[in-house]
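A.B. asks: Could you work out the structure for the sequence below:
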Amino acid sequence: MDITLDINGLKFAINTFFLLISGALVMWMAAGFAMLEAGMVRTKNTTEILTKNVCLYAIACTCFLIIGYNIMYVSNSEGGILPTFGFLIGEQSADATHALTADFFFQVVFAATAMSVVSGAVAERMKLWPFLIFSVILTSFIYPIEGYWTWGGGFLSKMGYVDFAGSGIVHLAGAAAALAGVIFLGAREGKYGKNGEINPIPGSNMPLATIGTLILWFGWFGFNGGSQLALASVSDATSIGLIFLNTNAAAATGAIGALILCKCVWKKVDLTMVLNGALGGLVAITADPASPSPMYAMGIGLIAGVLVVFSIILLDRLRLDDPVGAISVHGSCGILGLLLVPLSNSDANLMTQILGIIVIFAWVFLVSSIVWYTLKVTIGLRVGKSEEIDGLDAHDCGVDAYPEFINLK
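C.D. replies: Next up, the predicted model:
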């Protein structure tokens with residue numbers, strides 16, 4: 001009996017399975033964000049931040065399916081500034097039939113990641129429903145449009161902007177939206193004194209924050225490795241191996257960089273800075289984990305780990321209250337990673353990378369500012385002073401994360 005081996009079918013199956021597993025790893029990062037943020041906020045705000053993380057993921061999956069994916073990828077082959085919105089006007093291309101396949105699943109978790117960046121930065125003082133409304137707008141329009149400019153074949157892609165797995169498209173975009181939100185929201189009660197003093201507000205659960213960071217570290221192998229988009233060839237498999245190695249190396253040296261800097265500056269180790277150092281290294285290497293040598297990837301992570309500490313300090317001095325350091329991790333380190341790409345990738349050039357950074361930041365920051373302002377003057381962004389003091393769990397959710405502890409008097 002003749003047996004015909006369908007090589008193309010086998011490659012398709014392997015690549016599809018690889019993309020699905022990578023998407024599942026990135027989806028698991030939602031748990032990482034939830035645990036990290038739950039550990040970094042105070043006990044009285046734990047349930048509320050967990051609610052935001054679960055709901056933003058659900059909203060992202062729904063909105064990106066109905067609208068966002070079709071803006072970012074479907075019928076957008078012309079390479080212009082604006083997408084064709086083929087789905088919205090009923091002019092879907094043949095590619096639209098793939099919207100529910102492995103490619104969609106892999107892309108939707110990236111949209112959710114961009115929104116997850118925002119949740120930590122605005123924690124402990126923002127109302128739940130304005131946050132969820134913003135989640136709808138970011139994952140339906142703001143993120144897909146700037147994503148189309150590169151990954152969807154838009155003008156940044158045509159100009160040669162390089163962002164392999166989304167240091168700018170995902171992380172800088174999330175940070176820009178978060179920064180706008182923090183500006184319109186203001187700082188938490190008691191964070192900054194009238195005479196310029198900065199009052200630390202410790203998180204409630206360092207074990208949870210640590211678990212969250214390690215989950216994110218683990219999920220990042222899907223984030224970066226999956227962005228190769230294929231596995232079933234020698235070149236793809238080799239590239240994925242290097243991507244995994246570089247991703248892990250940058251995270252490790254990011255943590256080490258923050259560790260050494262904290263010891264040198266404060267004579268003690270700040271765990272939150274070490275955790276953010278690891279995440280900063282991951283964000284920085286995301287711009288291009290496939291080109292650098294392992295030693296160069298270690299250098300990228302080390303610089304990012306140092307940068308994130310200085311960035312967090314600078315934002316505090318500017319009185320921009322970011323409870324988890326999300327803007328510094330995803331914004332400052334995202335920019336760093338994009339600027340370093342030309343040193344290892346001959347296809348990239350510094351001016352185009354700078355243009356991409358400016359365009360992405362300006363688009364997301366300006367449109368987000370309009371949305372935040374509109375929400376502020378209509379339904380309001382911030383809970384009242386008494387509600388903030390009592391905690392958002394009681395104000396928005398009515399469920400305490402630790403009822404036995406909370407009710408002890």
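
A.B. asks: all helices for the stretch 201-350 of the chain, in order.
C.D. replies: When assigned using DSSP state H, counting those that start in this stretch, the helices of the stretch 201-350 of the chain occupy the ranges 206-225, 234-266, 271-286, 294-317, 326, 333-340, 350-378.

A.B. asks: Out of the ones you listed, which is closest to L138?
C.D. replies: helix 350-378 (7.3 Å; Cβ to Cβ). For the C-beta atoms, the positions are set from N, CA and C on the backbone; glycine is no exception.

A.B. asks: hmm, back to that, ok, which of the helices of the stretch 201-350 of the chain comes nearest I14?
C.D. replies: Nearest of the helices of the stretch 201-350 of the chain (Cβ to Cβ): helix 234-266, 9.7 Å.

A.B. asks: Report the mean confidence score over that closest one.
C.D. replies: Helix 234-266 comes out with an average pLDDT of 97.

A.B. asks: can you list the helices of the stretch 201-350 of the chain in CSV and add distance to V162 and mean neighbour count?
C.D. replies: Listed next are the helices of the stretch 201-350 of the chain as CSV, based on distance: least, Cβ to Cβ, whole Å; neighbours: other Cβ atoms under 10 Å:
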stretch, distance to V162, mean neighbour count
helix 206-225, 14, 21
helix 234-266, 14, 19
helix 271-286, 12, 30
helix 294-317, 14, 21
helix 326, 24, 29
helix 333-340, 8, 27
helix 350-378, 7, 17
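
A.B. asks: Nearest to V41, out of the ones you listed?
C.D. replies: Nearest to V41, of the helices of the stretch 201-350 of the chain and by Cβ to Cβ, is helix 206-225 at 9.7 Å.

A.B. asks: CA-only coordinates of that closest one in PDB, if you can.
C.D. replies: Taking Å, rounded to 0.1, in the frame of the first residue of the first chain, the C-alpha atoms of helix 206-225 are listed here in PDB:
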ATOM      1  CA  MET A 206       5.100  40.200  48.200                       C
ATOM      2  CA  PRO A 207       4.700  36.400  47.700                       C
ATOM      3  CA  LEU A 208       1.900  37.100  45.300                       C
ATOM      4  CA  ALA A 209       3.900  39.800  43.500                       C
ATOM      5  CA  THR A 210       6.800  37.400  43.100                       C
ATOM      6  CA  ILE A 211       4.600  34.600  41.800                       C
ATOM      7  CA  GLY A 212       3.100  37.000  39.300                       C
ATOM      8  CA  THR A 213       6.500  38.100  38.000                       C
ATOM      9  CA  LEU A 214       7.600  34.500  37.600                       C
ATOM     10  CA  ILE A 215       4.400  33.700  35.700                       C
ATOM     11  CA  LEU A 216       5.000  36.600  33.400                       C
ATOM     12  CA  TRP A 217       8.600  35.500  32.900                       C
ATOM     13  CA  PHE A 218       7.300  32.000  32.000                       C
ATOM     14  CA  GLY A 219       4.600  33.300  29.700                       C
ATOM     15  CA  TRP A 220       7.000  35.600  27.900                       C
ATOM     16  CA  PHE A 221       8.500  32.500  26.100                       C
ATOM     17  CA  GLY A 222       5.200  32.300  24.300                       C
ATOM     18  CA  PHE A 223       5.100  36.100  23.800                       C
ATOM     19  CA  ASN A 224       8.500  36.200  22.100                       C
ATOM     20  CA  GLY A 225       8.900  32.700  20.900                       C
END
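
A.B. asks: How far off centre is that helix?
C.D. replies: 12 Å (Cα atoms, centre = their mean, to the nearest Å).

A.B. asks: Which strands or helices does that helix pack on?
C.D. replies: helix 7-40, helix 234-266, helix 271-286 (3 or more Cβ pairs under 8 Å, 6 or more residues apart in numbering; DSSP states H and E).

A.B. asks: now the angle between helix 234-266 and that helix, please.
C.D. replies: 150 degrees (axes from the mean of the first three to the mean of the last three Cα atoms, to 10 degrees).

A.B. asks: Show the average pLDDT along helix 206-225.
C.D. replies: 98.

A.B. asks: now swap in stretch 192-201 and tell me
C.D. replies: Per-residue scores along stretch 192-201 average to 89.

A.B. asks: cool, stretch 275-293 as well?
C.D. replies: Here the average pLDDT along stretch 275-293 is 98.

A.B. asks: Restrict it to CA atoms and write it as PDB.
C.D. replies: What follows is stretch 275-293, C-alpha atoms only, in PDB (Å, rounded to 0.1, in the frame of the first residue of the first chain):
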ATOM      1  CA  LEU A 275      10.900  42.100  40.100                       C
ATOM      2  CA  ASN A 276      10.500  45.200  37.900                       C
ATOM      3  CA  GLY A 277      14.100  44.700  36.800                       C
ATOM      4  CA  ALA A 278      13.300  41.300  35.500                       C
ATOM      5  CA  LEU A 279      10.200  42.500  33.700                       C
ATOM      6  CA  GLY A 280      12.100  45.500  32.300                       C
ATOM      7  CA  GLY A 281      14.700  43.100  30.800                       C
ATOM      8  CA  LEU A 282      11.800  41.100  29.200                       C
ATOM      9  CA  VAL A 283      10.200  44.200  27.700                       C
ATOM     10  CA  ALA A 284      13.500  45.500  26.300                       C
ATOM     11  CA  ILE A 285      14.500  42.200  24.600                       C
ATOM     12  CA  THR A 286      11.000  41.900  23.100                       C
ATOM     13  CA  ALA A 287      11.800  44.500  20.400                       C
ATOM     14  CA  ASP A 288      14.100  41.900  18.800                       C
ATOM     15  CA  PRO A 289      15.000  38.700  20.600                       C
ATOM     16  CA  ALA A 290      16.000  36.900  17.400                       C
ATOM     17  CA  SER A 291      19.000  38.900  16.300                       C
ATOM     18  CA  PRO A 292      21.300  39.600  19.300                       C
ATOM     19  CA  SER A 293      23.900  37.200  20.600                       C
END
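
A.B. asks: That's all I had, so thanks and see you.
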